[in-house]
Structure formats: C-alpha cells, structure tokens
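K.L.:
Next input, structure requested:
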Amino acid sequence: MDLEKLRAIADYQFGYSTGAALFPDETKVEYSKKTGRPRHIFVGDTLLANYRPNDALFTITIAGAERVIEKVKSFDQFVVVIDDVLEFLEQGKNLFSRHVKEVGDGVKPGQETIILDTDGKVAAVGKAILTKDEMSKFKTGVAVKTRRGRKRHR
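P.N.:
Just a heads-up that it's a prediction; the model follows:
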C-alpha cells in the first residue's frame, strides 16, 4: 500500500488534509511479514500510527496526535478536559464525562479521539464511547476509553 492510499485513509478517518499533515513524504511504513499489509507508520524513529487491518483504519499515537493538532487547524475529533484529571489521563486512565470541558463536532462513538488539556496540548488518545451531546450532558460514565496517555507514551 503506497503513501497516497494511507493519506486517503487518514483523510477519511480524521478529516480532509489530515493525511498529508500526519504522513509527510519521509514517512516509513513497516509491513506485516504474513499478510503484506501495513502495520506501523513512522517518521524517522517516531511511531505516528498503527494500521488496523480488521477495519482498515488507524490508531493514532501521542506523537501522531501532536502532529495533527499542530498542523490541522480544522481538526474536530478532540475532547478538552479540566486540568484536575490530567495526571490520571496521562497515565492512561479513562476519561469520564463529568471531566469533559469541551467536545469537537467530529466526535462520534467508536472513533479515534484526541484528548487535550485546556492549553491545547495532547494529554492522551483513545476511542470515544459517547456522542458529543452525551459527553456534554452526562455526569457519569466513561466518555473516552483511553488507549495511551502522554506519560505512558514515553
């Protein structure tokens, strides 16, 4: 699978122009020896995303999320949280709806979501469990199942 196809998948998953921002020309792709499909996407030695062959989408890493937030101003698959819970999120703990401060318009259940602090820095990445409206209105329950926190990433 060539770089243009990977960028097209990222554009589909995260929104227009995200693919080029996430995967620059110097991107390296590591392929599965058994299937020949992409597995890991790097820039230099930095892992940006993992390709999931079961649904042909990406799981994004902290480094990949930082690239997207920095380069794509229209990105809307994010959740901003109150600062009190940053320590827990950075350790990879799940985000509860009571701690959500703001939700981007592109957040839908089951989608990759970037969790930001109030300064706009990436705190964690994960999969949204609730819709935008549910995250804003509910006071209990998991809003985002965190896959990787900033501290766990190091």
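
K.L.:
Point out where the protein drops to low pLDDT.
P.N.:
Residue ranges of the chain with pLDDT under 70: 1, 152-154.

K.L.:
Break it down into its domains, please.
P.N.:
For the chain, automatic domain parsing gives the domain ranges 3-71, 78-153.

K.L.:
Dump the ones you listed into JSON lines; add mean neighbour count as well.
P.N.:
Heads up, the C-betas are built off the backbone N, CA and C, glycines and all. Below are the domains of the chain laid out as JSON lines (neighbours: other C-beta atoms under 10 Å):
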{"stretch": "domain 3-71", "mean neighbour count": "17"}
{"stretch": "domain 78-153", "mean neighbour count": "18"}
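
K.L.:
In space, what's closest to Gly64 - neighbours in sequence excluded?
P.N.:
Leaving aside its sequence neighbours, Gly64 sits nearest to Leu48 (C-beta to C-beta, 6 or more residues apart in numbering; 3.8 Å).

K.L.:
The strand or helix carrying that neighbour pairs with which strands, parallel or anti?
P.N.:
Following DSSP states H and E, one finds Leu48 within strand 46-52. Strand 46-52 pairs in its sheet with strand 38-43 (antiparallel), strand 57-60 (antiparallel), by DSSP bridges.

K.L.:
Columns distance to Asp2 on top of these, output as JSON lines?
P.N.:
Output for those, formatted as JSON lines (distance: least, C-beta to C-beta, whole Å):
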{"stretch": "strand 38-43", "distance to Asp2": "10"}
{"stretch": "strand 57-60", "distance to Asp2": "16"}
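
K.L.:
Ala10 is nearest to which of the ones you listed?
P.N.:
strand 57-60 (6.4 Å; C-beta to C-beta).

K.L.:
In CSV, list the C-alpha atoms belonging to the helix or strand following that closest one.
P.N.:
For strand 57-60, the following helix or strand on the C-terminal side (DSSP H and E) is helix 62-71. The C-alpha trace of helix 62-71 is given here as CSV (Å, rounded to 0.1, in the frame of the first residue of the first chain):
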residue,chain,number,x,y,z
ILE,A,62,0.7,10.6,21.1
ALA,A,63,3.3,11.8,18.5
GLY,A,64,0.8,11.4,15.7
ALA,A,65,-1.8,13.3,17.7
GLU,A,66,0.6,16.1,18.3
ARG,A,67,1.4,16.4,14.6
VAL,A,68,-2.3,16.5,13.8
ILE,A,69,-3.2,19.2,16.4
GLU,A,70,-0.2,21.3,15.3
LYS,A,71,-0.7,21.1,11.6
